[in-house]
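In: Next comes the sequence, and after it the predicted model I'd like to discuss.
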Amino acid sequence: MITDSLEGIGMTSRRTRARLVQRLREAGVADERVLSALGEVPRHAFVDEALASRAYEDTALPIGHGQTISQPLVVARMTEALLGGGTLGKVLEIGTGSGYQTAVLVRVASQVFSVERYGPLLAQARARLAALQVRNVQLRVGDGFDGWPQEAPYDGILLAAAPREIPSALLEQLADGGRMILPVGEGDTQELVLILRRGEEFEQQRMGRVRFVPMQAQVVR
């Protein structure tokens, strides 16, 4: 059972999450599975207590180590693009961060494998997901550029940090017919890109400008 602190009160209540879902719907998010997931996940539980009152604003927030929790609209758009109107079996997430995007993914995919380069962040995310009684996820500290080849192929791959170029190792781990969503580029020139694999061909669709932290290889345990 989810505790009262996860359910939230006042600015962190379920009613506040319902208002967030309505804003996302008005912004064009149409997949009801995604909207339901965003409504169920207590975002305030994935940020420091001092920022809890801002948890349901549509903005990125700091989570330490120079990292951020993505704004809800970006989480919703990326998750919706990954689903593509279909279903998701096995998903790879690069950049666990606070665990918020992970908590959304586990509600729309059969199994999620998530890699985070900061050990302390992963430990916090693990505890938060355990408090939510999430079962269908595996987490590990590692270099996101390498992915998680032992569990490949994946029906979906989502990156929560921006590489300068699309990592070739991750393309190889994408299943035929699979979808990858990621920000690509540097600084103000980042674009959200959706990749669809068709055999050995990779189709790309550009989905607009975004701003993510840069993807880095160095692992911090």
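Out: Happy to help now that I have it. Numbering: from 1, shown residues only.

In: thinking residue 129 is in contact with residue 102, fair?
Out: Yes. Using C-beta atoms under 8 Å, residue 129 is in contact with residue 102, at 6.5 Å. Backbone N, C-alpha and C define where each C-beta goes, glycine included.

In: Show me which of these two is the more surrounded one.
Out: Neighbour tally, residue 129 and residue 102, criterion other C-beta atoms under 10 Å: the higher count belongs to residue 102, 29 against 23.

In: element containing the more buried one?
Out: helix 100-105 (DSSP states H and E).

In: for that helix, the distance to its chain's centre please.
Out: On the basis of C-alpha atoms, centre = their mean, to the nearest Å, helix 100-105 sits 5 Å off its chain's mean C-alpha point.

In: when you give positions from now on, start the count at 33
Out: Understood, numbering begins at 33; the last thing we discussed is helix 132-137.

In: tell me the mean pLDDT over it?
Out: Averaged across helix 132-137, pLDDT comes to 98.

In: for stretch 141-161, which positions count as buried?
Out: In terms of neighbour count (16 or more other C-beta atoms under 10 Å), stretch 141-161 has its buried residues at 141, 143-150, 153-154, 156-158, 160-161.

In: ok, the residue nearest the centre of the chain - contacts?
Out: The chain has residue 133 as the residue nearest its centroid, 3.1 Å off, counting by C-alpha atoms, centre = their mean. With contact set as C-beta atoms under 8 Å, 6 or more residues apart in numbering, residue 133 has these partners: 102, 107, 110-111, 125, 127, 190, 192.

In: Find the helix or strand that residue 113 is a member of.
Out: Of the helices and strands defined by DSSP H and E, residue 113 is found in helix 104-115.
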